[in-house]
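Undergrad: Structure for the following, please:
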Amino acid sequence: MNKHTIRKQTMQVGGLTLLSRGFGILRELLIIRYLGASWISDAFFTAYKIPNSLRKVFAEGALSAAYIPTLVQTVHKEGRGAVNSMMTLGFIMFEGAVLALVALITLFAGPVIRFIVPGFSEDQVQMTIPMLQILMPFIFFISSSALLTGALQAVNHFFIPAFGPILLNIVFIAGILVCLHFQLPVTVLCWFVLFGGFVLFVSHLIAYIKLNFSFGSIKKEDIKRFRSILVKFLLCLPAVSIMEVNLFIDTSFASFLGEGTISMMNYANRFVGIPLGVFAVAFSTILLPHVSRVSSYAPKRLRFYLFESTKFVLWVTLPVALMMWFFNEKIFSTLFLSDKFTMAQVIQTAAIMTPFLAGLFFFSINKILLNMYYALHVTWVPAIISAFATAINFLFNWLVLDWLGAVGLAWATTLSAVVQTILFLVVLRYYYKFNLYLDVLGMFLLRYGLQLLLFGLMFRGLYSLIVFYMMQLPEWWTHLLLDKILFWAWVGPLAGLFFLALYFTRNLFGIKIYFMD
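TA: The predicted structure follows:
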């Protein structure tokens, strides 16, 4: 797989993820119409967060990180047939554990909710329990899909795993529309979410079979290989799950801050998740199988890939974060403002999103750094670092809760990501002898900063000029173009011109990126 293939597949996966995020925005618009930011929405998001975060931690995170490098090596050395028995063993062990976890949490839903959101009243806990009990089997379908994804990605099939979230969102949206139309309780929506997980699993299973995979009998060598995977999985858990664990910690502290706070943090995080998923997750997903192969025959080449990946991540995340920060209040006021989502909540949600945006680069590059460690088959180092970063998040949350409220909780998550990035790089530099090329990276940042400043000022000036002329229009036109969803009909193309200008003038500023040239 060369850089053009990596770029092409990243664009394919990123495009599908962007489409999924588009459906996600529609979903959030509808769910605000349905639930707003209230005790009910806090209860639903808490119930949904438990299986959904377990999905990102257990299924799409640690399981993929542990399985994919091993499956890549197995396919390369022994062919696809050798994967079949490993998949059988994986389903027996991992999905058996998942079913046990589902049963335990369903049985003890009340204590689990009280532990996760200690600030909830008993009425809120009782409201959340049935939602959680319906939603818990969702993780079984998702983790089963993740196992199948490992085999698909081992042979460079990324379409179905990338299309899966679109299916989930379509079913989710259908559920909200049905509940809105017939004024049904939120538990009905939970059943729709569960059905979406089932549809996702079936789609992955069909793709798995069509690629000539199956399930074989278990051999002794498979058990030995699986032990190695299991050890990697357990060590990968802290590292790949840190952001989800931090969000869990944030949710626990946010439960003390009053009605709607958990929901507002969820909405803010959802929007930051758009560029994170469209670019960082897509890029790291494509990169992991590739660097796993590179590590097997030219491990020193990983240093080059880390350096160029860092430049690529910086090039994408810096302008996106700045653009989203510039329009943070507009995002929520034009899309969400309603009787169930007040202007005060718009301002608060925008303020919460700001620290998340400040951490966008660090959230993104940490996924690449984890790839480097996993390509080297090193799992204990990121596990220790991630555990320490999580402790930093918890301590900072505790210190700033009364002072900065929900905004402080978001800053704590970003600080944790920054600590994680620094420690990842320090260990790679001094223990694994990675050359980080900091002097060259500094020059890249200087040139890119100059380009961003120049075109940023031009964008700001043009935007202000357009707003000035729109203010001269009749009041209802001004209101429609500046305060409603039509605002994005002209701001979207304007932002697109800004990004195109960055792309086509990069060589004039001496900006060269391996994955783009």
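Undergrad: When you work out contacts or count neighbours from here on, use the C-alpha atoms and nothing else.
TA: Will do.
Undergrad: low-scoring pLDDT stretches of this protein, where are they?
TA: Scanning the chain for pLDDT under 70 picks out 1-17, 55-69, 72, 76, 79-80, 235-243.
Undergrad: any idea how it splits into domains?
TA: The record's domain parsing of the chain by automatic domain parsing lists 3-436, 442-517.
Undergrad: Let me see the ranges of the helices in the stretch 251-400 of the chain.
TA: 261-275, 282-297, 301-326, 328-336, 343-358, 360-375, 380-430 (DSSP state H, counting those that start in this stretch).
Undergrad: Which residues does the fourth one contact?
TA: So the one you mean is helix 328-336. Helix 328-336 has contacts (CA atoms under 8 Å, 6 or more residues apart in numbering) with 29, 32, 343, 346-347, 349-351, 353-354, 483-485, 487.
Undergrad: ok, back up a step: mind checking which of the helices of the stretch 251-400 of the chain is nearest Leu508?
TA: helix 301-326 (15.0 Å; CA to CA).
Undergrad: Now for Ser228, how many residues are close by?
TA: Residue neighbour count, defined by other CA atoms under 10 Å, stands at 14 for Ser228.
Undergrad: For it, which three-state class applies?
TA: In terms of secondary structure, Ser228 is helix; the call rests on DSSP: H, G, I helix; E, B strand; the rest coil.
Undergrad: how close does Ala100 get to Phe94?
TA: Between Ala100 and Phe94 the computed distance is 10 Å (CA to CA, to the nearest Å).
Undergrad: who's more crowded, these two?
TA: A side-by-side neighbour count of Ala100 and Phe94, using other CA under 10 Å, places Phe94 first with 19 against 12.
Undergrad: State whether Gln472 is indeed within a helix.
TA: No. Gln472 sits outside any helix when classified using three-state DSSP, being coil.
Undergrad: Helix or strand for the closest residue to it other than its chain neighbours, just tell me which one.
TA: The spatially closest residue to Gln472, leaving aside those adjacent along the chain, is Thr478, at 7.8 Å (CA to CA, 6 or more residues apart in numbering). Taking DSSP states H and E as the criterion, the element that holds Thr478 is helix 475-483.
Undergrad: pull the CA atoms of that helix into PDB?
TA: Once side chains and other backbone atoms are set aside, the C-alpha atoms of helix 475-483 remain, and they are given as PDB (Å, rounded to 0.1, in the frame of the first residue of the first chain):
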ATOM      1  CA  GLU A 475     -35.100  42.600   8.300                       C
ATOM      2  CA  TRP A 476     -36.700  39.200   7.500                       C
ATOM      3  CA  TRP A 477     -34.000  38.500   4.900                       C
ATOM      4  CA  THR A 478     -31.300  39.500   7.300                       C
ATOM      5  CA  HIS A 479     -32.700  37.300  10.000                       C
ATOM      6  CA  LEU A 480     -33.000  34.300   7.500                       C
ATOM      7  CA  LEU A 481     -29.400  34.700   6.200                       C
ATOM      8  CA  LEU A 482     -27.700  35.400   9.500                       C
ATOM      9  CA  ASP A 483     -29.700  33.700  12.200                       C
END
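Undergrad: coming back round to it: quick check: which of the domains of the chain is buried the most?
TA: With neighbours defined as mean count of other CA atoms under 10 Å, the domains of the chain peak in mean count at domain 3-436, which reaches a mean of 20.
Undergrad: what does the helix or strand containing Gly110 contact?
TA: Assigning secondary structure by DSSP H and E places Gly110 in helix 109-116. Counting by CA under 8 Å, 6+ apart, helix 109-116 makes contact with 105, 120, 125-126, 128-129, 132-133, 248-249, 251-252, all of which sit outside it.
Undergrad: Among the residues you listed, which are located in helices?
TA: In this view, those that belong to helices under DSSP state H are 105, 125-126, 128-129, 132-133, 248-249, 251-252.
Undergrad: okay, the residues you listed in JSON lines with distance to Phe158 next?
TA: Putting those into JSON lines (distance: CA to CA, whole Å) gives the following:
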{"residue": "Ile105", "distance to Phe158": "32"}
{"residue": "Val125", "distance to Phe158": "40"}
{"residue": "Gln126", "distance to Phe158": "41"}
{"residue": "Thr128", "distance to Phe158": "36"}
{"residue": "Ile129", "distance to Phe158": "36"}
{"residue": "Leu132", "distance to Phe158": "31"}
{"residue": "Gln133", "distance to Phe158": "32"}
{"residue": "Phe248", "distance to Phe158": "29"}
{"residue": "Ile249", "distance to Phe158": "32"}
{"residue": "Thr251", "distance to Phe158": "32"}
{"residue": "Ser252", "distance to Phe158": "35"}
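Undergrad: Going by distance to Ile173, which of those wins?
TA: Within these, distances to Ile173 taken as CA to CA reach their minimum at Leu132, with 19.1 Å.
Undergrad: I figured that closest one was touching Ala47, is that so?
TA: Yes. In this structure Leu132 lies within contact range of Ala47 using CA atoms under 8 Å: 4.6 Å.
Undergrad: Alpha carbons only: can I get the helix holding Gly110 in PDB?
TA: Coordinates of the C-alpha atoms in helix 109-116 are reproduced here as PDB (Å, rounded to 0.1, in the frame of the first residue of the first chain):
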ATOM      1  CA  ALA A 109     -28.500  -1.300  36.200                       C
ATOM      2  CA  GLY A 110     -29.500   0.800  39.200                       C
ATOM      3  CA  PRO A 111     -26.100   0.600  41.000                       C
ATOM      4  CA  VAL A 112     -24.200   1.100  37.700                       C
ATOM      5  CA  ILE A 113     -26.100   4.300  37.000                       C
ATOM      6  CA  ARG A 114     -25.700   5.600  40.500                       C
ATOM      7  CA  PHE A 115     -21.900   5.000  40.200                       C
ATOM      8  CA  ILE A 116     -21.500   6.700  36.800                       C
END
